[in-house]
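[1] What follows is a predicted protein model with its sequence.
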Amino acid sequence: MARNTASGQTIMKMEDTATKRLIAIGLELLALCAWLGIAAAEDVPEHTSAHQTMERARGGPTYRQTDSMDTHVAITVYDLYCQDCKRVIQEKVRTEETEVPHTWSTTRLDATCQEEGEEIRLCGYCGKEQHIALPRLNHQFVGASQLIGYGVGAVRGSGEYADRTVGRVNTAPTCTENGSGVLVCVLCGSAEQNVSIPALGHDWGPWEDVEAPKDQVCETDAQMVRRCHNCGQEETRVVSPAPGHQWQESGRREPTCTEKGLVESQCAVCRVTKTEEIPALGHTFADVSLLVKHAAGDVYGTGENGGRIVGRVIKPSTCEEGGSGTLVCLRCQDATQTVTIPHGDHRWGEWVEAEVPQEEICLTEVEGTRQCLDCGEEETQVLAPAPGHKWAAISFQEPTCTEGGRAVRQCTVCGREDVIEALPLGHYFMWVDKTTPSPTSSGIREYVCTVCGYVAETQEVAYAQMYYNNTITSFGPMTRDLIGGNVWNRVTPLDLSEDGMFTYPLIASNMYTVGTATVLVDDANVTVTYRLNAKQIKVHSESLVFYPNLESLRTGENSLPAAFDTPFDATEAFGGDQRVILAISLRADYDAQGAGIQEFRPDQQLIETMTSLID
């Protein structure tokens, strides 16, 4: 083997394949030693040029504990290594530390209802331990119903608790009273809990009919009874109420005015008898009015009392004075009752109207007189008001704008004539456009009477830049900038927590300032008014709406329509929210070239300040 020192490379002459294979194995071993940091001076040639270096981790990482229970630090050491000669040129050129999660292994001691448990976690790399206390379990008891049906003594469980005692009966329950006992923890068998064992309830037998004695069957409810198999207690229920007697009349004595009557009856079912008294009827007298203005002597009744004496007149009554007499019992015709007969009412004849001259008949009240048929007294009163004239037109001259009118009429009843004078109507003027103005010439209009055509005035009309049925809103951000969409209408955010008077420009068509809106805040009472700068602005409709937030502005829900010049309590309306959004919308016609109309230039800084008030 020869070495070329100028190039730093080894030149070998190999004569056979076996020799070549041994040399290759030797070179691989040298490379492995260099990788492991082991080098022999006599086996590794020295460089005559610079090393080709790289960093290489020295084996696997080591681990260091930290205060964290989630991570530890993995430490990796790097050496500087030559790729050509396989030597470690410099040890520990860099140390890298990285936080990585613990790798836990867990050992668990389960808790019981008497002792706490513990879970121990051990990291397999850094050796960190974590001890977690497991809380003691609660005692576990079966329900008190598990003790029902057992006598005094211990009670064994069933199912998964069949091998242990679940409770003990101290006093067995009855049908109506609870028993007592204890429940034993099914986990530890030591802890006990005093319980009340529910009453068993009655074990009723079937319902049976109850027979009533024969003489009591009509007055006794139909009943059924049942008995408890355990304690013998009985329970009854009414199937149907007592049917009552079926009485049949067996004898009767009718009552009179002064004596009682009797009714004898017997029950057709149980044969029980009874006797009932009928009260005396008492005397019955007619009304004393039957004796009024009747002649002296007996007075006979009519209708059902026909043929009977109802009374006797001793002193007859008149229209002005009462009389005296007696009433006779309508039933027995024997008993009498002395009475004072009241005076009677007049028996008036027919009304007779008074005569009135023909020329006065329309303006005179209708009077009448009538006479009492008994005493001859007369009575006079107004029967009807004056009827008034019934006019018919004779001649008529209509009034004009400059001359008065005249109408003649006559009453068809009394013949009276009447003349009515009418004043001139006066002219009814309005402006009528004769020629229309244009950008290059003025127009002509006349102030003309629409009735007679008289022209009172002629004027030149300058060209106007008119906007019809356009929208006027109060100053503020555009709706589309707040909630999106294409609506340009402006709204005004307000803070109602501060009292005062606040004025905002009114903007027409988003191009012209045409007036002002004023908001007066007085202890949360809000009043909104507006004023237009030009008289020629014609408002067709107006709208005033408050919104509590942007969502309400977007959907329209929870909005509050209001009226101009009318105060309302905004705090009560919006539940205490002091920041609201005011939306004014007027639909109007206006001349953009008219007096008081100015070009609108938005103040963006003010708009941003107002926008910040919106929640």
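    All right, it came through fine. What you are looking at is a predicted structure, and each value in this text was computed from that prediction instead of being measured. Residues are numbered from 1 along each chain as shown.
[2] Residue 565 and residue 191, how far apart?
    Going from residue 565 to residue 191 by Cβ to Cβ, to the nearest Å gives 80 Å. In this view, the C-beta of every residue, glycine as well, is placed from N, C-alpha and C.
[3] Tell me which of these two has more neighbours.
    Just comparing residue 565 and residue 191: by other Cβ atoms under 10 Å the higher neighbour count belongs to residue 191, 17 against 9.
[4] Can you give me the pLDDT of the nearest residue to residue 358 once chain neighbours are set aside?
    Of all residues not flanking residue 358 in the chain, residue 414 sits nearest, at 6.2 Å (Cβ to Cβ, 6 or more residues apart in numbering). The score at residue 414 is 89. That number is its pLDDT.
[5] Tally up the residues packed near residue 414, please.
    A count of nearby residues for residue 414, using other Cβ under 10 Å, gives 17.
[6] got it, and residue 504?
    Residues near residue 504, counting by other Cβ under 10 Å, number 21.
[7] Parallel or antiparallel, list what pairs with the helix or strand that contains it.
    Applying DSSP states H and E as the criterion places residue 504 in strand 500-508. Sheet pairing for strand 500-508, assigned by DSSP bridges, gives strand 466-474 (antiparallel), strand 512-522 (antiparallel).
[8] can you put the ones you listed in a markdown table and add distance to residue 607?
    Formatted as a markdown table, the strands paired with strand 500-508 follow (distance: least, Cβ to Cβ, whole Å):
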| stretch | distance to residue 607 |
| --- | --- |
| strand 466-474 | 12 |
| strand 512-522 | 15 |
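[9] quick one: least confident helix or strand in the protein?
    strand 9-11 (a mean of 32; mean pLDDT, DSSP states H and E).
[10] who's in contact with the nearest residue to residue 132 once chain neighbours are set aside?
    Closest residue to residue 132 apart from its sequence neighbours, by Cβ to Cβ, 6+ apart: residue 119 at 4.3 Å. Taking Cβ atoms under 8 Å, 6 or more residues apart in numbering, we find residue 119 in contact with 106, 107, 108, 109, 131, 132, 134.
[11] and the residue lying closest to residue 176 once chain neighbours are set aside, how many residues sit next to it?
    The shortest distance from residue 176 to any non-neighbouring residue, by Cβ to Cβ, 6+ apart, is to residue 199 (5.6 Å). By other Cβ under 10 Å, the residues close to residue 199 number 14.
[12] Distance of residue 199 relative to residue 234?
    In this view, residue 199 and residue 234 are 18 Å apart by Cβ to Cβ.
[13] Residue 452 now?
    Separation of residue 452 from residue 234 (Cβ to Cβ): 114 Å.
[14] Residue 169 now?
    Counting by Cβ to Cβ - residue 169 and residue 234 are separated by 28 Å.
[15] more neighbours, the two?
    residue 169 (20 against 10).
[16] Now do the contacts for that one.
    With Cβ under 8 Å, 6+ apart, residue 169 has these contacts: 147, 150, 151, 152, 153, 155, 179, 181, 197.
[17] Select only the buried ones of those residues in ChimeraX?
    Remark: buried members of the contacts of residue 169, expressed as a ChimeraX selection using 16 or more other Cβ atoms under 10 Å:
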select :147,150,155,179,181,197
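[18] re the thing from before, tabulate the strands paired with strand 500-508 (a markdown table), appending mean pLDDT.
    Shown next, in a markdown table, are those (pLDDT from 0 to 100):
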| stretch | mean pLDDT |
| --- | --- |
| strand 466-474 | 91 |
| strand 512-522 | 91 |
